[in-house]
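Q: here is my input; please provide its structure:
(one chain, ligands or ions: 2)
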Amino acid sequence: MSEDRGNTLFPVFFKLEEMKLLIVGGGYVGEEKLGAVLKNSPRTQIKMVATWFSEAVQDIVKDYPNITLVEKAFEPSDLEGMNLVIIGIDDPEASSQIQAACRAQNVLVNVADKPALCDFYLGSVVKKGDLKIAISTNGKSPTLSKRMREMLTDVIPEKIDDILDQMAKVRDKLKGDFDYKIKKLDEITKDWKG
Ligand SMILES: C[C@@]1(CC(=O)O)C2=NC(=C\c3[nH]c(c(CCC(=O)O)c3CC(=O)O)Cc3[nH]c(c(CC(=O)O)c3CCC(=O)O)/C=C3\N/C(=C\2)[C@@H](CCC(=O)O)[C@]3(C)CC(=O)O)/[C@H]1CCC(=O)O
Ligand SMILES: NC(=O)c1ccc[n+]([C@@H]2O[C@H](COP(=O)([O-])OP(=O)(O)OC[C@H]3O[C@@H](n4cnc5c(N)ncnc54)[C@H](O)[C@@H]3O)[C@@H](O)[C@H]2O)c1
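A: Numbering: from 1, shown residues only. Ligands and ions are numbered 1, 2, ... in the order given. Prediction:
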């Protein structure tokens, strides 16, 4: 009997701006994934390697001195110093080879649109000030992820960021041991439903 274990992906929030990211591919998918990264972590050190870059990608990078474009085919030495890699190229065989090179060097890799080859997936991201919610459907439906993002963006009030600021102030001021702080913070927020 098979066991349905649901979504076993483990969500984390990377300090990407303190890391080095390689994006392989500078066409449509490269642009999409670059956009997803920049929306969240615009100061990330990004190297993009591709045999050609679309005009759209070239336009975007003009505003970002932290992005380097290298126009050539991928070579394993491109992985040096990289923490994460996103591959979005139109050559499945080369894609698999690059993914294998990442695995061999223990660099985490996402092969856009190829779940079986990914160490991690990108999620849909709801962002209201400092609040961030990442959504995954376990790869079942990126479209539903997108719709959930739109729905949550609509229902979460804009004032959430002011509330977060207030909570941070209270939290900083609270004296006492850990248990006391938790009790106080739980009390303050017990009726808050948005
Ligand atoms: C969330 C988001 C983040 C981002 O990429 O930034 C994201 N895909 C987005 C959109 C989107 N992608 C696709 C469509 C077309 C409609 C459709 O196919 O459904 C749309 C919808 C659209 O664009 O409207 C095509 C697609 N995507 C994957 C496959 C392969 C497959 O399923 O086998 C195919 C078929 C390719 C083909 O046909 O060749 C796979 C993945 N896409 C993921 C993430 C990961 C799972 C996320 C999850 O668990 O939900 C995963 C597993 C790996 C990864 O790529 O990281 C972003 C929404 C951002 C937003 O707007 O909020
Ligand atoms: N375009 C879409 O809407 C879409 C949707 C889903 C899936 N896909 C798939 O995603 C993949 C990429 O699609 P795309 O639309 O970005 O393609 P694209 O043709 O726009 O861009 C391909 C990019 O890959 C680069 N490239 C190819 N081989 C390379 C190598 N060895 N080293 C470095 N760079 C290399 C090219 O220079 C180019 O920048 C394809 O497999 C495609 O089927 C595309």
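Q: which parts of this protein are strands?
A: In the chain, strands defined by DSSP state E lie at 20-24, 45-50, 67-71, 84-87, 108-111, 124-128, 131-135, listed in chain order.
Q: got the angle for the second one vs strand 67-71?
A: Calculated by axes from the mean of the first three to the mean of the last three C-alpha atoms, to 10 degrees, strand 45-50 forms an angle of 20 degrees with strand 67-71.
Q: wait, Asn138 sits on Asp4?
A: No. Taking C-beta atoms under 8 Å as the contact criterion, Asn138 and Asp4 are not neighbours in contact, 11.2 Å apart. For the C-beta atoms, the positions are set from N, CA and C on the backbone; glycine is no exception.
Q: and the two? Which one has more around it.
A: For Asn138 versus Asp4, the count of surrounding residues by other C-beta atoms under 10 Å is larger for Asn138: 12 against 4.
Q: for the more buried one, give its distance to Lys47.
A: Asn138 sits 30 Å away from Lys47, taking C-beta to C-beta, to the nearest Å as the criterion.
Q: do the same with Val126
A: Separation of Val126 from Lys47 (C-beta to C-beta): 29 Å.
Q: domain assignment for this protein?
A: As recorded under automatic domain parsing, the domains making up the chain are 16-122, 123-155, 160-189.
Q: can you lay out those domains as a markdown table showing distance to Phe10?
A: Listed next are the domains of the chain as a markdown table, based on distance: least, C-beta to C-beta, whole Å:
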| stretch | distance to Phe10 |
| --- | --- |
| domain 16-122 | 9 |
| domain 123-155 | 10 |
| domain 160-189 | 24 |
